[in-house]
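Trainee: Just a sequence and a predicted model for now, questions to come.
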Amino acid sequence: MPHWEILGDSVQGPAKVRNQDWYETDAPADDVLVLAVADGHGSAAYTRSHLGARFAVDVFMRCGRAFAERARAPEDLRRLRHAAGHWLPREIVRDWQEEVRRHLRDHPLGDGSDDGAAFRPYGTTLLGAVLVPGLFAAWQLGDGDLMVVEADGSVGAPLAPAEPELGDETESLCAPRAWELMRVHWAPVADPDRMPRCVSLSTDGLSKSFAAQEGFIQFVRELNERLDTVGADGIREALPGWLAHAGTYSGDDTTAVAAWRRPAGSEDDSGDPRERLRRDPAHPQAVPPENTHPQDAPHPHETEN
């Protein structure tokens with residue numbers, strides 16, 4: 001499996017009280033990647049959606065690691081695909097609901113809500129991906145963007161809905177039978193050289209900052225090109241500033257993670273990435289803003305709301 005670099009960050013929206021997004025990345029083995037982002041709904045009816053997003057990412061990372069382990073073992077691809085389309089969505093929803101129930105036991109809402117209604121304040125989207133040798137799979141519920149730069153350089157959005165969602169309405173983990181709403185991307189890859197060059201997952205605060213989808217696609221294309229040019233360290237340094245800049249247009253929390261496949265034969269990044277960025281004026285300089293990273297907060301089971 002080619003060498004992968006992982007980068008990610010999250011920036012709170014300029015007028016937001018708290019960051020409703022959450023993300024996590026993991027490489028539990030040299031040839032395995034598990035990535036996830038979630039976006040709590042944040043409106044008045046979803047008073048605990050920032051926690052719902054964190055629960056969603058925690059659950060996906062557990063389920064994604066288990067799926068990756070299964071995918072690495074010899075197994076009929078048809079059975080594995082069935083697990084991706086049926087078992088894993090149900091497992092994610094079930095485990096997320098259990099996380100919510102556990103939080104409610106310690107921090108009840110106090111309004112007498114029944115079980116179904118009690119999930120609503122935690123409403124969130126979820127977007128996750130697993131890459132192992134021979135397979136790239138992803139799952140999405142609600143808005144957000146999975147963008148893929150293929151081996152030939154083409155850019156696609158394999159989990160984009162057939163029809164764009166209207167306004168700020170989106171599907172949610174708190175919906176009844178939410179597993180039926182989950183979209184699945186299934187892409188076996190027999191040749192390791194045909195694995196995607198770059199896979200990015202982002203909340204809609206990023207794509208909404210562009211006037212048109214074509215601009216967002218161009219951003220993803222140029223992100224991959226810049227990774228090829230300056231390396232992952234340079235982009236990691238610039239990413240928080242790019243997300244903060246996007247948030248000034250979308251007004252939303254903005255989160256992005258990406259896995260980049262180092263081109264065959266290239267060497268590890270060397271030298272000061274800031275200097276490489278300065279030599280390329282297309283790359284804005286950015287210092288990560290303070291107190292905007294949601295991972296700095298305590299675990300949700302240690303908070304009351």
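Mentor: Arrived safely, thanks for sending. Numbers count the residues shown, from 1 in each chain.
Trainee: Can you give me the distance of residue 144 to residue 134?
Mentor: For residue 144, the distance to residue 134 (CB to CB, to the nearest Å) stands at 26 Å. For glycine as for every other residue, the C-beta is placed from the backbone atoms N, C-alpha and C.
Trainee: Which helix or strand lies directly C-terminal to the helix or strand hosting residue 63?
Mentor: Element membership for residue 63, per DSSP states H and E: helix 49-72. For helix 49-72, the following helix or strand on the C-terminal side (DSSP H and E) is helix 77-82.
Trainee: Can you point out the buried residues in that next one?
Mentor: residue 80 (16 or more other CB atoms under 10 Å).
Trainee: hmm, who's touching that helix?
Mentor: Helix 77-82 has contacts (CB atoms under 8 Å, 6 or more residues apart in numbering) with 70-71, 135, 186, 188.
Trainee: Now do the helices in the stretch 51-200 of the chain.
Mentor: With DSSP state H, counting those that start in this stretch as the criterion, the stretch 51-200 of the chain has helices at 77-82, 88-106, 115-119.
Trainee: mean confidence for the shortest one?
Mentor: In this case it means helix 115-119. In this model, helix 115-119 has an average pLDDT of 82.
Trainee: where in the chain is pLDDT low?
Mentor: By pLDDT under 70, the weakly predicted segments of the chain are 1-2, 111-116, 164-168, 264-305.
Trainee: Next, format the helices of the stretch 51-200 of the chain as TSV and append distance to residue 22.
Mentor: Output for those, formatted as TSV (distance: least, CB to CB, whole Å):
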stretch	distance to residue 22
helix 77-82	28
helix 88-106	12
helix 115-119	17
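Trainee: Pick the most deeply packed of the ones you listed.
Mentor: helix 88-106 (a mean of 18; mean count of other CB atoms under 10 Å).
Trainee: Please enumerate the strands of the stretch 201-305 of the chain.
Mentor: Counting by DSSP state E, counting those that start in this stretch, the stretch 201-305 of the chain has strands at residues 254-261.
Trainee: related to what we said a few turns ago, just the contacts of helix 77-82 now: which is nearest residue 231?
Mentor: Residue 231 lies nearest to residue 135 out of those, by CB to CB, at 26.7 Å.
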